[in-house]
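S.K.: Got a predicted structure here, sequence first:
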Protein chains: 2
Amino acid sequence: MYYYNTWVVLIFVVLKAKEGYAKETPNVIVMLMDDMGWGDLGVYGEPNKETPNLDRMASEGMLFTDFYSANPLCSPSRAAMMTGRLPIRNGFYSTNAHARNAYTPQNIVGGIPDSEILLPELLKQTGYRNKIVGKWHLGQQPQYHPLKHGFDEWFGSPNCHFGPYNDIGTPNIPVYRDALMAGRYYEDFKIDHGLSNLTMLYLDEAVQFIEQQYSKKQPFYLYWAPDATHGPLYVSEKFYNTSRRGLYGDAVRELDYAVGEILKTLVKIGLDKNTFVFFTSDNGAATYAKTAGGSNGPLLCGKETTFEGGMREPAIAWWPGKISPGQISHQVGSLMDLFTTVLDLVNIKPPSDRSIDGISLKDTLFQNTEVQRPLFYYRGNTLMAVRLGHYKAHLWTWTNSLQEFNRGTDFCPGEEIKNVTTHDQVEHDPPLLFHITRDPGEKYFIKFNTEEYRRAILDIQSAVATHMKNLVPGTPQLNMCDSAVMNWAPPGCDKGGNKCYTPPVSKPYKCTWVH
Amino acid sequence: MYYYNTWVVLIFVVLKAKEGYAKETPNVIVMLMDDMGWGDLGVYGEPNKETPNLDRMASEGMLFTDFYSANPLCSPSRAAMMTGRLPIRNGFYSTNAHARNAYTPQNIVGGIPDSEILLPELLKQTGYRNKIVGKWHLGQQPQYHPLKHGFDEWFGSPNCHFGPYNDIGTPNIPVYRDALMAGRYYEDFKIDHGLSNLTMLYLDEAVQFIEQQYSKKQPFYLYWAPDATHGPLYVSEKFYNTSRRGLYGDAVRELDYAVGEILKTLVKIGLDKNTFVFFTSDNGAATYAKTAGGSNGPLLCGKETTFEGGMREPAIAWWPGKISPGQISHQVGSLMDLFTTVLDLVNIKPPSDRSIDGISLKDTLFQNTEVQRPLFYYRGNTLMAVRLGHYKAHLWTWTNSLQEFNRGTDFCPGEEIKNVTTHDQVEHDPPLLFHITRDPGEKYFIKFNTEEYRRAILDIQSAVATHMKNLVPGTPQLNMCDSAVMNWAPPGCDKGGNKCYTPPVSKPYKCTWVH
């Protein structure tokens, strides 16, 4: 009996060990660029071809031709990536006006709700250590901060690096080290006439974090979110004036360099074979910024719009030994798939109590399979367009109001397509249909009275009906603004030089979203 | 004395042998596509990435980001490539109207003048065997044929594959085997609803020629000029409906395959180390053909225009062992450089009795050097634009007339830039200036009252002055048309099935060039 029990225990131990072994714990690095466009990388056809490291990353991994952000604006896109859910579900939208893009300026009241489950929360439960480096953009009030939502470490900022402000009418944006403010942009973290060492700081943070986790044999999730390509552009001295494309190109070159250094670090310490790296961007290039913005290549318009230039993104997956080199994937992918894919890679089941919009790209990554799935292009509370297979239907078209356009804000500079790049919000019933792989520039709509139109639109309408039937919109988080919620006195502002300011009396008001 | 003489003779023999050895005789293959655009290759950012062979060719060789055709239309561009001289010098232009693109339809009277020296003529003098496969386009009258101008072999056609015709009002275009007609398009060489095996025939011709010269240790020049991407598009059954881009994409895929096969042949027989291969196109994609035309990526407009989309081309140089793999060159290059470069590679001096516009890219190819040179964008007899360094100045802008535009011919579909994509011929004095590497889409002109404008325009004006001072326009060859000169009775039409027809009485008239 005694012997028998020993055997049972032994077998149990062996099985447990094997189970532990079988459970994969690859490290995960998501590199999310800010306002970088589909056409900004050499490998995607940027005419100056100044991204040798990213181009090499693509040649060593898998390049996605049809990968999309979850929204044409940063905050909703990032919230969707973190939750695997469309902004309309997770609350990162506004109902203040029809079809409006909303985000998290520092006077926004809302942020990521506690009821949402973020990727780092799930990873943390299985023993991952999680760090965010760079821009958060899911709410600047302390309850919304990364460390309250699954991250263990943070170096970066809750908002964009707009400024400089005077700390009287508006406080400068804080930069955090974990839960506490480490200083403010323009004061402690300088951005001066396009010069700043922030990308280099973000690179150092990434490399140090990787090396630390390696030395502790600690599986990790690194969310690397630099924002040098978001206006106001900045770049380190070393890269200043080195691009053929001006300051924007300088910033891209520095980010390209940093990506190369991060990958080199993985290879050097031998973690490359156990780390899934994904490079992409939060929305299309800011075409309204003209030469201070990026390029969407041959795609129509840019950031803020639901044309391809607003939402199709550069995307590269890299995992030597697991993802074969030199692959091209035409899988229609979404930022939200990163949620589901990473969970799949580490054998965690996604939450079953809510709708998840992301799909797992595991088979795509490892076997280059392709599945058909609908892709929904939202602007605020409005479903503007749908892609299914080779076709894209516009249910609504809008660039911006004629008033905004006449003030000089042009989302489609040099581009004008009748009935498509409209300055009125136009509902299309029947929808405008494009063959998006034959016509990625959305220039030639398919005539209504054709068999091709009828067939494609039927499939799309069926996908829309299914989507709408199951849609439970979340409580909109981006409706209310209030100067009192700005970064007046962030946690830690009393440390070092006192940078705490008294907020004004709270006066909540409906935010105005013009686009 | 006797011994002394023997030594002298011996030394002489050794020196001669050494001289013979030093004289390089690399084989030369120029692959010239028809109406293929800058943005049509995966490596240049075509969103469907369907050109694995060309992308690999680029990764094994040198990719040019800033390489240009010599003209926005096929015949002048090809004549310039063959002679190293601008069409305004070699006569491939018209003075019938201002700034008109002209070419060689089958009723054109003119063709390449005997006074012009073509690359194959010079190569032939040093012992090369030369073959053209595909479209000639330098005149269809027998005196203009390739075998009268330096080529030893020909399989292909003097004109575009327009048709089918009825052989009564208009004869079908002949296909030649060397000096004699081998049949006619649509009759003997079928093109039927987009299906034709012509690209495969052209591939076979190339491979056979290469293998034959190899077996004879014969240095060769192969000019491979298929025209499947020129309307009416055609493709072999094997490639039909295989592209995500429709028939145009099918044609590109087949050409990509054929390029791969030609390179494979070189490698297989070991000629790759002694063959300079250059892939490019004759002008920008035919944007007026909509989805039946190619892509110019982010570049403005297309074929027929002097915007970047009309003249910037895909260009790849390949020569394993001589050109290092994976290089990017920003050298501003021109089709005309192929003349000068090939002469340099084989140690032949270019003619000294005339102006040559091409420069040698030998150092660029072997050492990736870059030299500044002006690039002149002509439309017929008019200098429309000039590029120098990072800047491009438009002296004239024109797309096409409002009348043509209203008839549905649009060279810039979906694109509209005020004062740039004009429907009037507009002379700009001072010129419109663009920073073409920062702004490859020619969207944001540089303000006149800036230091940047003044500096750049001064350099450009000086380059224009030098160019104009030395310019001796050739006799225009493309002014006169005549139905009598069409392909009624080509040499060899009496062989096999009689395909000779009686030409109408000669009635020369001024050709009408609308664009």
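M.R.: Everything's here; your move. Numbers count the residues shown, from 1 in each chain, chains lettered A, B, ... in the order given.

S.K.: In the sheet, which residues pair with A:Ile316? Tell me.
M.R.: Residues in a beta bridge with A:Ile316, per DSSP bridges, are A:Leu63, A:Phe279.

S.K.: how many neighbours does it have?
M.R.: 26 (other CB atoms under 10 Å in any protein chain shown). No exception for glycine: its C-beta is placed from N, CA and C like everyone else's.

S.K.: for A:Gly321, same thing?
M.R.: Neighbours around A:Gly321, by other CB under 10 Å: 9.

S.K.: Can you give me the distance of it to B:Leu345?
M.R.: According to CB to CB, to the nearest Å, A:Gly321 and B:Leu345 sit 42 Å apart.

S.K.: got it, and A:Asp494?
M.R.: Taken as CB to CB, the span from A:Asp494 to B:Leu345 is 72 Å.

S.K.: Contacts only, for the residue of the stretch 51-200 of chain A found nearest chain B.
M.R.: Using CB to the nearest CB, A:Thr65 is the residue of the stretch 51-200 of chain A that sits closest to chain B, at 5.5 Å. Contact partners of A:Thr65, counting by CB atoms under 8 Å, 6 or more residues apart in numbering or on different chains, are A:328-330, B:47-49.

S.K.: Run a quick neighbour tally on A:Asn172.
M.R.: 23.

S.K.: Surely it is in contact with A:Tyr185?
M.R.: Yes - shown here, A:Asn172 and A:Tyr185 form a contact pair, counting by CB atoms under 8 Å, at 5.4 Å.

S.K.: Kindly point out which residues are neighbours of both of the two.
M.R.: A:163-164.

S.K.: Strands along the stretch 101-250 of chain A, start to end?
M.R.: A:129-135, A:153-157, A:174-177, A:180-184, A:220-225 (DSSP state E, counting those that start in this stretch).

S.K.: Turn those strands into JSON lines, columns for mean pLDDT, mean neighbour count and distance to chain B.
M.R.: Shown next, in JSON lines, are the strands of the stretch 101-250 of chain A (pLDDT from 0 to 100; neighbours: other CB atoms under 10 Å in any protein chain shown; distance: least, CB to the nearest CB, whole Å):
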{"stretch": "strand A:129-135", "mean pLDDT": "98", "mean neighbour count": "24", "distance to chain B": "26"}
{"stretch": "strand A:153-157", "mean pLDDT": "98", "mean neighbour count": "24", "distance to chain B": "28"}
{"stretch": "strand A:174-177", "mean pLDDT": "98", "mean neighbour count": "22", "distance to chain B": "30"}
{"stretch": "strand A:180-184", "mean pLDDT": "97", "mean neighbour count": "20", "distance to chain B": "32"}
{"stretch": "strand A:220-225", "mean pLDDT": "98", "mean neighbour count": "25", "distance to chain B": "25"}
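
S.K.: Which parts of the stretch 201-350 of chain A are helices?
M.R.: Secondary structure of the stretch 201-350 of chain A (DSSP state H, counting those that start in this stretch): helices located at A:247-269, A:308-311, A:337-345.

S.K.: One more: the stretch 1-150 of chain A?
M.R.: A:2-22, A:52-60, A:74-83, A:87-90, A:119-125.

S.K.: Same check on the stretch 401-515 of chain A?
M.R.: Going by DSSP H, counting those that start in this stretch, the stretch 401-515 of chain A shows helices at A:402-406, A:451-469.

S.K.: Which one, of these, ends up nearest to A:Cys160?
M.R.: When the helices of the stretch 401-515 of chain A are compared for distance to A:Cys160 using CB to CB, the nearest one is helix A:402-406, at 19.6 Å.

S.K.: Buried residues, that closest one. List them.
M.R.: Within helix A:402-406, the residues that qualify as buried are A:Glu404, counting by 16 or more other CB atoms under 10 Å in any protein chain shown.

S.K.: any idea of the mean pLDDT for that helix?
M.R.: Averaging pLDDT along helix A:402-406 gives 97.

S.K.: give the contact list for the closest residue to chain B within the stretch 101-250 of chain A.
M.R.: Residue nearest to chain B within the stretch 101-250 of chain A: A:Arg244 (4.0 Å; CB to the nearest CB). Counting by CB under 8 Å, 6+ apart, A:Arg244 makes contact with A:48, A:50, B:330, B:390, B:437-438.

S.K.: Likewise for A:Asp66?
M.R.: A:312, A:330-333, A:437, B:47.

S.K.: Now, these that are in strands?
M.R.: The strands, defined by DSSP state E, take in A:312, A:333 from the contacts of A:Asp66.

S.K.: May I see the buried residues of stretch A:421-441?
M.R.: Within stretch A:421-441, judged by 16+ other CB under 10 Å, the buried ones are A:421-422, A:425, A:428, A:431-441.

S.K.: per-residue confidence at A:Leu119?
M.R.: For A:Leu119, pLDDT reads 98.

S.K.: Looking at the contacts of A:Asp66, spot the one nearest A:Gln218.
M.R.: A:Gly333 (28.8 Å).

S.K.: Across the sheet, point out what pairs with the closest residue to the closest one other than its chain neighbours.
M.R.: The shortest distance from A:Gly333 to any non-neighbouring residue, by CB to CB, 6 or more residues apart in numbering or on different chains, is to A:Phe67 (4.1 Å). Bridge pairing for A:Phe67 (DSSP bridges) gives the partners A:Glu313, A:Gly333.

S.K.: just to revisit the earlier point, A:Asp494 and B:Leu345: which has the busier surroundings?
M.R.: B:Leu345 (20 against 13).

S.K.: Do you know the pLDDT at that one?
M.R.: 97.

S.K.: Go ahead and confirm it touches B:Asp363.
M.R.: No - if you go by CB under 8 Å, B:Leu345 and B:Asp363 don't touch, sitting 11.4 Å apart.

S.K.: about what we covered before: and B:His145, which of the helices of the stretch 201-350 of chain A is closest to it?
M.R.: helix A:308-311 (46.7 Å).

S.K.: And the contacts of the closest one?
M.R.: A:37-38, A:68-69, A:71-72, A:283-285, A:287, A:296, A:299-304, A:377, A:392, A:411-412, A:436, A:440-442.

S.K.: low-confidence ranges in chain A?
M.R.: Where chain A drops to pLDDT under 70, the residues are A:1-23.

S.K.: Could you point out the longest strand of it?
M.R.: Max-length strand for chain A by DSSP E is strand A:426-435.

S.K.: you'd agree A:Tyr359 is up against A:Arg373?
M.R.: Just to correct that, residue A:359 is Ile rather than Tyr. Yes - here A:Ile359 reaches A:Arg373: they are 5.8 Å apart, a contact under CB under 8 Å.
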